[in-house]
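*Asks:* the following comprises the amino acid sequence and a computationally predicted model.
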Amino acid sequence: MAASNSSSINNASSILRDTIEDFGLTRESTVWEPKDTSFIDSYLVYASLSESSSHPPMPEWSSYKITLPRGSRSPTLLNGYAVSPSHHAYVTFCVQLTATEASPLPRITAMRYRDMLADNYISACSPGAMAKLRWLGVANILHQGSRSTFKQVFRLADMNILSRSTVAVYPSIDLTDRPELRDLLLRDPFTRGVLALLHHHAGELGHAFVKRFVFISEGYEDHEHSGEPSPLELRLNLVVELGRPGGEGGDASAKNDLKAPLANL
């Protein structure tokens, strides 16, 4: 785990994939707001410049939403997201596939987040695009369980989450002797969702693995205040960079440490 105000802490898929249409869902384009993807743009620009890519360094985004059919009693919006095909990037703005008030939580749709993400990305790019997917992001995390994960990750890195800072977790390095960190990644809904995506869509993704998780705090200006900041006052974002066997950072040794629990995701 490394710190700074930036700190560092298989199955083959079937050719036929689940689509949102299979589950009676609809997809519509929405208006992209630059602020919604600004947290990940610097990573994409740096990678683009470092690789002397032919496409412009600044990513171009298209945003969409997944909804239930009109007239449904359940909440209409299930998923909001954006895709940058040129930079092989996908950002989740919001996702709600289960009801929030009942226990146990009933599903609003039988479609899984991992499969929705895969279909969303391919629909915006091309059938073979998953093999080059490199960046995943989650913007402005509101889920209380995930926000708790952020707090614990920052604590393990001895970083102040109320200050503008980042903590990067490199599984091939940081999970070898950090069981608490490993358990956090397997329990958190978003990191767990990424691991499930890599497991269930391994073939399409070229057997990708997580090169790093980057936990981002945008800071809380009034951090001397004793009260707990609300999600709107303390924005938390997640960036995930994927690697491929044989590529740069291609040591996927930590994949074995996470592989056993993945069958149940």
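*Replies:* Nice, I can see it.

*Asks:* low-confidence stretches in the stretch 51-200 of the chain?
*Replies:* For the stretch 51-200 of the chain, the stretches with pLDDT under 70 are 52-56, 71-75, 101-104.

*Asks:* again, 80 this time
*Replies:* Within the stretch 51-200 of the chain, the stretches with pLDDT under 80 are 51-57, 70-75, 99-105.

*Asks:* need the pLDDT of residue 208.
*Replies:* Listed pLDDT for residue 208 reads 96.

*Asks:* also residue 14?
*Replies:* 42.

*Asks:* the one 10 residues further on too?
*Replies:* The predicted local distance difference test score for residue 24 is 93.

*Asks:* the one 10 residues further on now?
*Replies:* The predicted local confidence for residue 34 comes out at a pLDDT of 94.

*Asks:* that one - how many residues pack around it?
*Replies:* By the criterion of other C-beta atoms under 10 Å, residue 34 has 8 neighbours. Heads up, the C-betas are built off the backbone N, CA and C, glycines and all.

*Asks:* do residue 211 as well
*Replies:* When neighbours are defined as other C-beta under 10 Å, residue 211 has 22 of them.

*Asks:* and residue 121, by the same measure?
*Replies:* The number of residues packed near residue 121 is 23, by other C-beta under 10 Å.

*Asks:* hang on, it in a strand?
*Replies:* No: Residue 121 is assigned helix when assessed by DSSP: H, G, I helix; E, B strand; the rest coil, not a strand.

*Asks:* now for the longest helix seen in the chain, which elements pack on it?
*Replies:* In the chain, with assignment by DSSP state H, the single longest helix is helix 34-50. The contact analysis (3 or more C-beta pairs under 8 Å, 6 or more residues apart in numbering; DSSP states H and E) places helix 34-50 against strand 77-84, strand 89-95, strand 135-138, strand 236-243.

*Asks:* kindly recompute the last result at 6 Å.
*Replies:* Packing partners of helix 34-50 (3 or more C-beta pairs under 6 Å, 6 or more residues apart in numbering; DSSP states H and E): strand 236-243.

*Asks:* ranges for the helices of the stretch 151-265 of the chain?
*Replies:* Applying DSSP state H, counting those that start in this stretch to the stretch 151-265 of the chain gives helices spanning 171-174, 179-187, 189-200, 254-262.

*Asks:* hey, C-alpha coordinates of the first one in CSV?
*Replies:* Coordinates of the C-alpha atoms in helix 171-174 are reproduced here as CSV (Å, rounded to 0.1, in the frame of the first residue of the first chain):
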residue,chain,number,x,y,z
PRO,A,171,-3.5,-6.7,-5.5
SER,A,172,-0.3,-8.4,-6.7
ILE,A,173,1.6,-6.6,-3.9
ASP,A,174,-0.8,-5.5,-1.2
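
*Asks:* what residues of the longest helix of the chain count as buried?
*Replies:* Using 16 or more other C-beta atoms under 10 Å as the test for burial, helix 34-50 gives 36, 37, 39, 40, 41, 43, 44, 47, 48.

*Asks:* excluding its backbone neighbours, what's nearest residue 39?
*Replies:* Leaving out its chain neighbours, the residue that sits closest to residue 39 by C-beta to C-beta, 6 or more residues apart in numbering is residue 237, at 4.2 Å.

*Asks:* how about residue 80?
*Replies:* Residue 80's closest residue in space is residue 93 (C-beta to C-beta, 6+ apart), at 3.9 Å.

*Asks:* the one you found and residue 49, how far apart?
*Replies:* Distance of residue 93 to residue 49, given as C-beta to C-beta, to the nearest Å: 26 Å.

*Asks:* re earlier: quick one, what contacts the residue nearest to residue 80?
*Replies:* For residue 93, the contact set (C-beta atoms under 6 Å, 6 or more residues apart in numbering) comprises 80, 81, 139.
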